[in-house]
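J.: sequence-free structure coming up:
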């Protein structure tokens, strides 16, 4: 696919997907959503980890309100969410390999929730997260009403939704919304190092860990313990487990195959 609104590159075993509409603060339009979906699915087949980040000084300012292909009547808004946002968010959330959002600047509206769809969020300390929806008479969408209560709790999710006030990267860490906030000067090196670490790790175990942690929200304790036993049994049969043990005993770095 000839990408016009994003960049997809492969580096050290992981894929970098860059939202590349810096002149629009990387706002999401119909074309970008289609290209992002294609890139995530392509990268899942080729890479051992995926990073989403933004060009310029913003991560993503959310829905492009000037997108001529998106009419803001009620029927079309619902169609856009169902047909364009849902497949993209599911592709990121259900991805078999670890995903990182490297939030280099402001992440607002659907852009904030696109970031939160990844397994791990690493942000520059100048980044902010903003559930901007009520400022224009809307509710949080693009997964915001799902991610936020699970990540920050009911009270903070409700306050973020109703007041639509920016949450700094440092505050987002304190709330449990994201994994870490990094000084801006160290940001690129940090997320690239994290991505390379995941790309060299046990991909099978990463995938099963994602599955088990997410299923825990709906499972009983008994169901969760049984799921752990089942998935651990599959890990125990893998080449990665054998390699991990041998590397530990031989005091050397493990060389994982994954997949």
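T.: Ah, there it is. From a predicted model like this one, the values you see are computed outputs, not experimental measurements.
J.: Going by residue numbers, what spans are helices in the stretch 1-150 of the chain?
T.: With helices called from DSSP state H, counting those that start in this stretch, the stretch 1-150 of the chain shows them at 30-46, 74-80, 86-93, 110-116, 144-152.
J.: So for residue 181, which of the ones you listed sits nearest?
T.: helix 110-116 (12.9 Å; CB to CB). C-betas here are computed from N, CA, C, even on glycine.
J.: name the helices or strands packed onto the closest one?
T.: Under the contact criterion of 3 or more CB pairs under 8 Å, 6 or more residues apart in numbering; DSSP states H and E, helix 110-116 touches strand 58-60, helix 86-93, strand 99-103, strand 128-130, helix 144-152.
J.: would you turn those into TSV with distance to residue 242?
T.: As requested, these are exported to TSV (distance: least, CB to CB, whole Å):
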stretch	distance to residue 242
strand 58-60	40
helix 86-93	30
strand 99-103	27
strand 128-130	41
helix 144-152	35
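J.: Tell me which of the ones you listed lies nearest to residue 245.
T.: strand 99-103 (27.3 Å).
J.: buried residues in that closest one?
T.: Using 16 or more other CB atoms under 10 Å as the burial criterion, the residues of strand 99-103 that qualify are 99-103.
J.: least reliable of the helices of the stretch 1-150 of the chain going by mean pLDDT?
T.: Ranked by mean pLDDT, the helices of the stretch 1-150 of the chain bottom out at helix 74-80, with a mean of 81.
J.: Next up, the contacts around the closest residue in space to residue 63 that isn't next to it in sequence.
T.: Nearest in space to residue 63, with sequence neighbours left out and distances taken as CB to CB, 6 or more residues apart in numbering, is residue 110 at 5.1 Å. By CB atoms under 8 Å, 6 or more residues apart in numbering, the contact set of residue 110 is 28, 60, 62-63, 85, 141-142.
J.: I'd guessed residue 247 sits against residue 240; true?
T.: No. Here residue 247 lies out of contact with residue 240, judged by CB atoms under 8 Å, at a distance of 10.2 Å.
J.: okay, the two: which has more neighbours?
T.: Neighbours per residue (other CB atoms under 10 Å) separate residue 247 from residue 240, with residue 240 holding more: 21 against 14.
J.: what about the more buried one, helix or strand, and which?
T.: helix 239-250 (DSSP states H and E).
J.: How about residues contacting that helix?
T.: Applying CB under 8 Å, 6+ apart, the contact partners of helix 239-250 are 202-205, 235, 253-258.
J.: quick revisit: out of the helices of the stretch 1-150 of the chain, which one sits most buried?
T.: helix 110-116 (a mean of 29; mean count of other CB atoms under 10 Å).
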